[in-house]
Each structure stands twice: as structure tokens, then as C-alpha cells.
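S.K.: Build me a structure from this.
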Amino acid sequence: MQAKKHREEPTRSCGTINKLSLMWSKIRSRRVLAGSACISFSLALTACGGDGGADSTSAASPTPQSTAEVAAAASAASSNVVTLATSLKMNASSIAPDTSTDRFIIRYKTGTVERVSTTAAQSKLDRLASAFPARAHHLRRMGIGSDVVTTERKLNAKEAKAFMRAIASDPNVEYVEPDTVMTIGSTPDDPLYSKQWALSSNQKPGIITAGIRAEGAWDMANGAGVVIGVVDSGITSHSDLNPNVLPGYDFTNGTYGNRGGDGTQPGNKPGENCRITWHGTHVAGITAAVSNNGTGIAGIAPGAKVVSARTVTNCNGGTMSDMADGITWAAGGTVPNVPVNPNPAKVINLSLQGYGLCQTSLQNAIDYATGRGAVVVVISGNYSTDASKIQPANCHNVITVGAINSNSTRWVSSDFGPTVDIAAPGSGIWSTYNNGTTAPSTEGYGILDGTSQAAPMVSGVAALVQSIAPTPLTVAEMRTLIQQTAQPFTPQRPDQPTGPGIVDATAAVAAAKSGKRPAAADFTCTQSPQLMRLTCTDLSTARGGVPIRSWRWNFGDGKPDTVVTSSTNPVVDYDFPNTYQITLTTTDANGAVSITSRPVNVAALAITDLTDNDYVAQYGLNFPLAKGEAQYFSIVAPGGVRSLRVNTTWTTAFGLKSASANDVATLEVKGGTASMASPDCSSNMTGGVPASCADLTMPGGGTWYARVTARTAVDNATIRAFTTAPDQSRGPCGPGTVPCL
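M.R.: Numbers count the residues shown, from 1 in each chain. Prediction:
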């Protein structure tokens, strides 16, 4: 089944600039500014207890606190200006213009009453109902502690973002995101094709196909003792697979409250009219079909066991929340109202895909699994685009796999780019299947194409490695081992980057058997809530005894690499919001290299534009700031020559003052970017003395950005910003010159 492609829309609410009116009167301006939540409305909310029923609404009269909660949520929902701290709580990257959704994931902060009580979570939704485009209801709690909520109707893209802004306005909320639909990454092909070309390799004389060299690996390991979690569409009964299948679980019926079953893929249910792709069965067969049984195919790790976490329906894909719960459960974690998996997986295969930045719910589940020792292998995606745009390919703590053809060229729809860690065969892959079209029928074998087939190749190799390694490898170490032992792309090469080469089962298993534990590059980055600044944390390890000699950082901003000889946690300031591909390369004392590369999003600042505002130029704009809070402003400076005889440069000025001598704040101004890493001007307001940045010149014209940072709480700061025309006091411009203004 060809996965449906979705158009992308960058999240716009973070970067919206609040354009104030050109010709306000003094009186009207004061009224507007006093009521503007975009500029100055900030409320601290406290948790409220439940009322004894998860779906009941309190009949008590509104309290000042509840009134303030509703006002804050309504203001956030209607506003196009969102503070950076609030926007960092939201991930709307998977919401395209034509998206409609009625499911969202909310995580309340640890210690809040909503985190403890689902009844309290529902009570909060009830109190805020008037601020939402549609009423919302608590559906269930996830294994990672987040809550799945549904709205009474599907919301379009604009409404969905408004709902998320309203939720994110609550300081008790850690994050909110859509419960994104994930799809499988395979395409059916000719069912008569029956040769497993992918298991051999052109590294062997007489072989022309670029496979994974599994035969040599089987002389050393078969995956015994390792459980592979297949988070997918379920597994059907098949004699070539059944001996290796452990009891699973079906997560796809969470909407109706009747989850259960053993992870088997059933026939179509009422309302499902599609032709079934037995995707999970095919993926499971690639990883662990029985070998040496005189029938069918051989799996990569025939001694391993498989546990199925069914998270994808037959016709409509699967939700992010079900996928996250499936990962958590497969790793041995606890999911409310679900029996614990008695066979925790040490390798988890995710042959699922969706547009957007890696959502927090998904990342939390992956981090939980890897924290329990699982290696998570994912597909790069089947959209023929940069894998940095696709989740879970762009998540941290995963091994991302691209697909190649038998001649080692890129499979036509495989995603690519530096996010891809390794390549594996993904074209014309033969595996276990079922002959039914709308319900299970007789067992059989089938061919599928896609990155969904490439990922389980690597999952199978990971199972072989873990079964033979003296000590299990982490996901970063496994990624490095597979990359360092990869085969070259021969006889041809992919037309786009798909990792350093093709996974080599024999070389990887041999290295693991020898006890090799490579020094492994790894990192995470987080954005400051008030700056376009990333703080990256080096997580690289050298547990094999060979120390790391150098760390090379590339921050994706076009600047030269930063090379250091000791572990550091670099801080990077960016001039503009964007998604940046950050790459860390480590080199150990023996010269062995480890590379990991992942996209990191830098969210936009909320900026108030003061251009052409006569009132602000004359009287200033009033606003409050909490201690440590920052507010951003901008003004466009005209460019070009205004006179050949007199001063030709427009100048810009910013002034900051306060009614109280006790208020302390810093005014910083920078031309061309809101990044204040090295401001053009910095001035302090303290002791009743205003801050000032005047005579700022930008001959070519452009935008000046100002940041006001409160060093103490500031109740009523006033900022003025204006540009001045060239000095014409010496007379008018002469004939034939550029006209004067």
C-alpha cells in the first residue's frame, strides 16, 4: 500500500509579528494596549482538585481563579502572537493546511493535580470549554504519563492550533501536540518474485546484488535469547513464523475502550473496506522467520523471538498515542489497563512514518525504551524527501534506515539525507504473508518494497549482534558499530545520501563477537525559552576502553565546524528560526570515527513590531515584565540615499524607562536579527535612569530588533522607538539629485 503523502506547512504562530495600528489616537491606544493579552497579559494558574467524577462539570459559581483561567485560554486561542516559552510547548509541525483532527496528547507537569488525577484533567477541560473551538473529553492515560483527549468534532488546521494554544497557556501543561496519524512504509510488488537476494552480497564472488551478507553471520550467531518488538499492524498466523512469535497486544482499539488481543492482525472491521496489506507479518518474517525447516524463507535472526504490538489499523493508519504506548509496552513498561509484556524487547522495529518534527510523546516513549536497554530501529520514510522532515526518522535515540535496490542505488521513494544512519535492501523483498484480501486466509509469501523492508534487515542484524556481544550495546554504540562495519555502495551509489554504506551482518557480528564496543557519538539539544539559543549536551561514550580524542560539531548554520579535544556542552545562538541539521563526529585514539546527525528545531521569537506607529514614537508602549522575562520589539529602518547635499542616513532610536526607580532592566538592540549574541547596543535602565540606544544607522535599510530583559519585576515599563529623516536644515536638494523627503 502506497502511503498517502501530505503537504507540509511550517508552524506559523511562533513567528507571527504583532503589527500595531498606524494611526492610533492617544486615548484609543491606551484602551487597546491595556486590554492586549498579546503584549502584557500573564497569569499564574494553580492546580484545582477534581470533583469526584471524571466527566462531570462543577455546578459551583465561577471563582476569580477559574475566570482568569478561561480568560487566559481564550486570549491564547484567539491570538496569533505566542511567547517563545509557550510555543516550545506545542508541536504543530504535522498539521498541514488540509488537516483535520479530533485527538490531541497533553502532558501535565509532574506535581500538578492533573498529572495525578484524570478526573482533575477532565475538570480542567470542562472549565476551559468556552475557550475551545469544541468541547474536549479525556480519553485515556498513556504509558509515558500523558493524556489523550478528543474533541467533540474534528478541528481544521486553524482550529486545532487555536485549541493547542489554549491548552499551552496553562502553566501546569508541559506540552500539547496532535495525536498524529502514522502510516506504514511499504508498497506491494510482484508476488511471483521468490528470490531473497538481500541476504547475500556482491562482496562474494559470483554475486551481483548488494545484500547484507547474512550467511557468514549465521556461522557465529542466530539471535537466540533476543526478543524483537514489532510495533506495526499485527502478525497473522504463519507456519514459517509461528514458532518464533510470542504473545503480543493490540493497541488500536483505544478509541472505543476495548484494547486487547494478542497482537494478531485481524480482518477488516465494519467500516473498513480496504485491501489488507499484511505489513506486520512481512516485517516480522524479515527479522525472524524460521530457518532450516525445509520451507519458505529464512529470517535475519532465526533464533530470535518476536512480540507484536499492533498500533496500525488495516485501513486508517495508527495514532501517535497508540504507537508510543506500543513502544513503551514492548520494552516492558507499564501502560494503564494493559497487562505488562512478560518478554521485554531488546530490539524494537518501527516501520511507520509521518510528517513533522519528532513529537514529544514519541520521543519520550523511545527514550524510555532505550533507557531499558532496547535498540530502536526506524525507517527513513517513503516520501522521497529529506528524512529530517519525517518522524520517527528524525527522533533521537534511533537508528534510521534508508532503502536501496539490488545494485545499491537508492530505492525510488526512500527518504535520504544526513539523518539516515545506514542503508539496507528495500526493493523486491520476499517474506511471510497472507493470501487474504479483506480477512486472513491461507498463508503465503509476498513481495513488498520500501524502507519498511529495509529497517527490519537492520533490526535482525541488531538482534544477531546483541545475542553474541559479551555486553549488550546501547543504541548509539549499535549505530556506530553498524556504520563502522558497513559495506561500500557498489557497483553503483545512491543518488542521495543514505548513510555511509550498506549494513554488513557478517562484519557487524564478527566485530561484536570480538568484544568491540565502539566509542559512540551522541548528543541532545534544547532551546532556551526566551532566546534563539540551543544548549547541546554531549552524550558520547567510550566504554570499550579506547578514549575519544576529538569532538567535531557542525551546527548547520553555515559556519565552520567547531573542533574540541575534550567533552563540552556547546551553546549556539542562531540569527533566524529554522530547523538546523546538527552533526557530531567523534574520533577515538585509534582513529575510528563515529557520526550522528539529527535535525533540531529553533523556534521563532514573539516580536512586537513598532514600525510606523506614531503613538509609540511619541508616547511609548507600556508593558509589564516578570523578573527574568524578556520581550522583543522591532522597527523597520528605511534605506537608500535621501540627499546628496546633506546627511544621507536615517537614524533609529530606542528608549526604555519605568515609573519606578526600583525597576531594573536591560535594553539590547541588534540590526538584521533578533539574536542578541553580540548586540550593536546595550544599555541598562536602573535607579530611575532610562536606557537608551540612539543614533543607530543602517545605510542600506533593514530591521532593528530590540530585547528588553527584566532584572527585577517591572510593573510598567515604557519603550519608545522611532526613525528620523535626514537633516535638511542646510537647504533643499539641488536639481538632478535624488529627491528629498
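S.K.: Okay, helices next: where are they in the stretch 401-550 of the chain?
M.R.: For the stretch 401-550 of the chain, the helices defined by DSSP state H, counting those that start in this stretch cover 451-468, 475-484, 505-513.
S.K.: Ok, which of the ones you listed comes nearest Thr442?
M.R.: Among the helices of the stretch 401-550 of the chain, the nearest to Thr442 by C-beta to C-beta is helix 451-468 (22.2 Å). In this view, the C-beta of every residue, glycine as well, is placed from N, C-alpha and C.
S.K.: Run through this protein and note the low-pLDDT ranges.
M.R.: Low-confidence segments of the chain (pLDDT under 70): 1-62, 64, 186-195, 254-258, 639-649, 725-741.
S.K.: list the contacts for the most centrally placed residue in it?
M.R.: Closest residue to the average C-alpha location of the chain: Cys358 at 2.0 Å, with C-alpha atoms, centre = their mean. Residues in contact with Cys358, defined by C-beta atoms under 8 Å, 6 or more residues apart in numbering, are Gln391, Pro392, Asn394, Cys395, His396.
S.K.: Quick check: it vs Thr697, distance?
M.R.: 43 Å (C-beta to C-beta, to the nearest Å).
S.K.: thought Phe555 was touching Val571?
M.R.: No: Phe555 is beyond contact range of Val571, at 10.4 Å (criterion: C-beta atoms under 8 Å).
S.K.: How many residues are close by the closest residue to Gly426 other than its chain neighbours?
M.R.: Leaving aside its chain neighbours, Gly426 sits nearest to Ala403 (2.5 Å; criterion: C-beta to C-beta, 6 or more residues apart in numbering). Using other C-beta atoms under 10 Å, Ala403 is surrounded by 33 other residues.
S.K.: Ile167 belongs to a helix, doesn't it?
M.R.: Yes: assessed by DSSP: H, G, I helix; E, B strand; the rest coil, Ile167 belongs to a helix.
S.K.: so who does it touch?
M.R.: Ala73, Phe104, Ile106, Leu128, Val173, Val176.
S.K.: what about Ala677, distance to Gly700?
M.R.: Counting by C-beta to C-beta, the gap from Ala677 to Gly700 is 21 Å.
S.K.: what does Arg720 give?
M.R.: Taken as C-beta to C-beta, the span from Arg720 to Gly700 is 24 Å.
S.K.: between those two, who's got more neighbours?
M.R.: Arg720 (18 against 9).
S.K.: ok, which stretches of the stretch 151-300 of the chain are helices?
M.R.: Using DSSP H, counting those that start in this stretch, the helices assigned to the stretch 151-300 of the chain run over residues 157-168, 214-218, 279-288.
S.K.: Return the set of buried residues in the shortest one.
M.R.: Meaning helix 214-218. Ala214, Gly216, Ala217, Trp218 (16 or more other C-beta atoms under 10 Å).
S.K.: same deal with stretch 408-419?
M.R.: So stretch 408-419, judged by 16+ other C-beta under 10 Å, has buried residues Ser408, Thr409, Arg410, Trp411, Ser413, Ser414, Asp415, Phe416, Gly417, Pro418, Thr419.
S.K.: before we move on, what about stretch 132-147?
M.R.: Phe132, Pro133, Ala136, His138, Leu139, Arg140, Arg141, Met142, Gly143, Ile144, Ser146, Asp147.
S.K.: In contact with the third one, which residues?
M.R.: With contacts defined as C-beta under 8 Å, 6+ apart, Ala136 is in contact with Phe104, Leu125, Ala129, Val149, Thr150, Thr151, Glu152, Phe163.
S.K.: Buried subset of those, written for PyMOL?
M.R.: Only the buried entries of those go into this PyMOL selection, using 16+ other C-beta under 10 Å:
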select buried, resi 104+125+149+150+151+163
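S.K.: For the contacts of Ala136, please prepare CSV with the additional fields distance to Lys269.
M.R.: Formatted as CSV, the contacts of Ala136 follow (distance: C-beta to C-beta, whole Å):
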residue, distance to Lys269
Phe104, 24
Leu125, 29
Ala129, 32
Val149, 24
Thr150, 19
Thr151, 23
Glu152, 23
Phe163, 29
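S.K.: Nearest to Gly381 among the buried residues of helix 214-218?
M.R.: Ala214 (24.6 Å).
S.K.: where exactly do the strands run in the stretch 351-500 of the chain?
M.R.: Taking DSSP state E, counting those that start in this stretch as the criterion, the stretch 351-500 of the chain carries its strands at 352-355, 375-379, 390-391, 399-404, 422-425, 429-434, 443-449.
S.K.: which residue packs closest to Thr437, ignoring adjacent ones?
M.R.: Using C-beta to C-beta, 6+ apart, the nearest residue to Thr437 is Arg275, at 5.2 Å.
S.K.: Now Ala659: closest residue in space that isn't a chain neighbour?
M.R.: Closest to Ala659 by C-beta to C-beta, 6+ apart is Asn716, at 5.3 Å.
S.K.: Mind giving me the packing neighbours of the strand or helix carrying that neighbour?
M.R.: Taking DSSP states H and E as the definition, one finds Asn716 inside strand 714-724. If you count contacts as 3 or more C-beta pairs under 8 Å, 6 or more residues apart in numbering; DSSP states H and E, strand 714-724 packs onto helix 614-618, strand 621-625, strand 630-637, strand 651-658, strand 665-671, strand 702-710.
S.K.: Which one, of the ones you listed, ends up nearest to Gly450?
M.R.: So among those, strand 630-637 is nearest, using C-beta to C-beta, at 44.6 Å.
S.K.: Who are the contact partners of Thr596?
M.R.: Thr596 neighbours (C-beta under 8 Å, 6+ apart): Asp421, Ala476, Arg479, Ala520, Ala521, Asp522, Phe523, Thr583, Leu584.
S.K.: What distance do you get for it to Thr471?
M.R.: For Thr596, the distance to Thr471 (C-beta to C-beta) stands at 21 Å.
S.K.: Ala71 too?
M.R.: From Ala71 across to Thr471, the span is 57 Å (C-beta to C-beta).
S.K.: And Thr611, by the same measure?
M.R.: For Thr611 relative to Thr471 (C-beta to C-beta), the value is 62 Å.
S.K.: Gln618 now?
M.R.: When Gln618 is compared with Thr471 (using C-beta to C-beta), they lie 71 Å apart.
S.K.: ok, now Asp126?
M.R.: Taken as C-beta to C-beta, the span from Asp126 to Thr471 is 52 Å.
S.K.: who's more crowded, these two?
M.R.: With neighbours defined as other C-beta under 10 Å, Asp126 and Thr471 compare such that Asp126 has more, 17 against 12.
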